[in-house]
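In: need coordinates for the below:
(one chain, ligands or ions: 1)
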Amino acid sequence: MPDNQSTGALDDLIGCLKAAVAPFRATLQELHAKYRDVADGKVADYIPELALADPKWFGISVVTVDGQAFDVGDCQQLLSIQSVSKPFVFGMALEDHGREVVLKKVGVEPTGEAFNAIVLDEKSNRPFNPLVNAGAIATADLIPGKDFAERIKRLMATFSGYAGRDVYVDNAIFMSERSTGHRNRAIAHLMLNFGMVSEKVEESLELYFQQCSILVNAHDLAVMGASLANAGVNPITKQRALEREYVKDVLSVMLTCGMYDYAGEWAYRVGLPAKSGVGGGICAVVPGRCGIGIFSPLLDARGNSVRGIKVCEELSDRFGLHAFELGFDGERIEDQFYLRKK
Ligand code: GLN
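Out: Take a look at the predicted model:
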């Protein structure tokens, strides 16, 4: 058993070798070191379980469409997925019911309001988009199945498919979400009044609370993003997570509505489809190239991870990842990947 000193030297050597063959990992390490001491924001505290998060947790993961993974920092630390789940359930609704049915129940318009606003589109009575709570509850209501067991099975299978491993619900978080979720219940019943959700609304709320309480880590978020980047196919398991024709639907709402009431600023500055959650996770997608997963539980006033935003802004800027950065001739992200196929 080597003593601590020689283990440290060996780790350093391995670190150097890895950095030499994987300069992109070194870039992520640089960003991690640059932002890990940013202590702005605070952890979510609307339920006790989230208030227990360690503000130091910070993981950055990038998974490419050819299956390479770059994990730096706390990429195995589990967090509740919270609102990051919403675009994936929207995709599921599209697969199960098609565009026409889904768009009768939920719009695709950004709100500029808080995610939990009790507001519906006055003309259509629809929730504005699937990434605010109202829209997410409406899409959860569309999860098919003859009973709760069948519906939750469909939900969990979808998330397991995106993550490439079996994912589970944190029961304590679920119980807290359920016992404090009065506002979500109010939103759901308002939608019931307008016929936007079915009579199964109580069961659908349970599904919504369950989906928010699924545990994932930063690496999982990157794999999920990479599955969307890879036209719906998980690049690690090679299994299809979402029908190809609906990938653009999901990415469009992520680009315009994914970052709460910061969505416009995000689209302008970062220019990537993404979704954040109050657990501190962000999943961003670089179509055709990679998924980015970040976990850092310190949130800004809108509920977005403070360090997560900084990392995404810098990655987008450095590598020209903005959707409309045409003819970018600076550093290319792929040039930093090692063992690039093709
Ligand atoms: N589960 C919480 C809610 O529904 C938070 C969702 C989120 O990440 N904004 O209000």
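In: drop to CA atoms for contacts and neighbour counts, all remaining ones
Out: Will do.
In: start to end distance for stretch 190-209?
Out: Distance between the two ends of stretch 190-209: 18 Å, counting by Cα to Cα, to the nearest Å.
In: stretch 273-284 now?
Out: Taking Cα to Cα, stretch 273-284 runs 6 Å from one end to the other.
In: does the ligand sit close to it?
Out: Yes: if you take Cα under 6 Å from any ligand atom as the test, stretch 273-284 does meet the ligand, through 277, 278.
In: and the residue of the stretch 101-250 of the chain closest to the ligand?
Out: residue 212 (5.2 Å; Cα to the nearest ligand atom).
In: ok, the closest residue to that residue other than its chain neighbours - how many residues close by?
Out: Spatial nearest neighbour of residue 212, chain neighbours left out: residue 82 (3.8 Å); criterion: Cα to Cα, 6 or more residues apart in numbering. As a burial measure, residue 82 scores 22 neighbours (other Cα atoms under 10 Å).
In: show me the shaky parts of the stretch 51-200 of the chain.
Out: Along the stretch 51-200 of the chain, the model assigns pLDDT under 70 to no residue.
In: and the residue of it closest to the ligand?
Out: Taking Cα to the nearest ligand atom, the stretch 51-200 of the chain has residue 83 as its residue nearest the ligand, at 3.6 Å.
In: enumerate every residue touching that residue.
Out: Neighbour list for residue 83: 131, 212, 275, 276, 277, 278 [criterion: Cα atoms under 8 Å, 6 or more residues apart in numbering].
In: just those residues: which are in helices?
Out: Among those, the members falling in helices (DSSP state H) are residue 212.
In: got the contacts of residue 83 as a markdown table, with neighbour count columns?
Out: Shown next, in a markdown table, are the contacts of residue 83 (neighbours: other Cα atoms under 10 Å):
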| residue | neighbour count |
| --- | --- |
| 131 | 34 |
| 212 | 23 |
| 275 | 28 |
| 276 | 29 |
| 277 | 26 |
| 278 | 26 |
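In: ok, the contacts of residue 83 vs residue 223, which is closest?
Out: Nearest to residue 223 among these is residue 275, at 13.8 Å by Cα to Cα.
In: skipping its backbone neighbours, what lies nearest the closest one in space?
Out: Nearest non-adjacent residue to residue 275 (Cα to Cα, 6+ apart): residue 258, at 4.4 Å.
In: and for residue 336?
Out: Nearest residue to residue 336, sequence neighbours excluded (Cα to Cα, 6+ apart): residue 24, at 4.8 Å.
In: buried residues in the helix or strand encompassing that neighbour?
Out: Here residue 24, judged by DSSP states H and E, is contained in helix 23-35. For helix 23-35, burial by neighbour count (16 or more other Cα atoms under 10 Å) applies to 23, 24, 25, 26, 28, 29, 31, 32.
In: which residues sit against the helix or strand hosting residue 155?
Out: Counting by DSSP H and E, the element that carries residue 155 is helix 148-163. With contact meaning Cα under 8 Å, 6+ apart, helix 148-163 is reached by 88-89, 92, 143-145, 166-168, 203, 207, 211, 220-221, 223-224, 227, 234, 239-241.
In: related to what we said a few turns ago, now for the helix holding residue 24, which elements pack on it?
Out: helix 4-21, strand 59-64, strand 69-73, helix 306-319, helix 333-336 (3 or more Cα pairs under 8 Å, 6 or more residues apart in numbering; DSSP states H and E).
In: so which bits of the last one are buried?
Out: Neighbour counts over helix 333-336 (16+ other Cα under 10 Å) mark 333, 336 as buried.
In: helices and strands around it, which ones?
Out: With contacts defined as 3+ Cα pairs under 8 Å, 6+ apart, the packing partners of helix 333-336 are helix 23-35.
In: what's the answer for the second one, then?
Out: The elements that strand 59-64 packs onto, with contact taken as 3+ Cα pairs under 8 Å, 6+ apart, are helix 23-35, strand 69-73, helix 218-229, strand 290-295.
In: mind doing that once more with 7 Å?
Out: strand 69-73, helix 218-229, strand 290-295 (3 or more Cα pairs under 7 Å, 6 or more residues apart in numbering; DSSP states H and E).
In: buried residues in the longest helix anywhere in the chain?
Out: Longest helix in the chain, counting residues (DSSP H): helix 86-105. For helix 86-105, the neighbour count (16+ other Cα under 10 Å) marks 86-95, 102-103, 105 as buried.
In: for stretch 151-162, same thing?
Out: 151, 152, 154, 155, 156, 157, 158, 159, 160, 161, 162.
In: could I get the residues you listed as JSON lines with distance to residue 39?
Out: JSON lines is the format used below for these (distance: Cα to Cα, whole Å):
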{"residue": "151", "distance to residue 39": "40"}
{"residue": "152", "distance to residue 39": "37"}
{"residue": "154", "distance to residue 39": "39"}
{"residue": "155", "distance to residue 39": "35"}
{"residue": "156", "distance to residue 39": "34"}
{"residue": "157", "distance to residue 39": "36"}
{"residue": "158", "distance to residue 39": "35"}
{"residue": "159", "distance to residue 39": "31"}
{"residue": "160", "distance to residue 39": "32"}
{"residue": "161", "distance to residue 39": "34"}
{"residue": "162", "distance to residue 39": "31"}
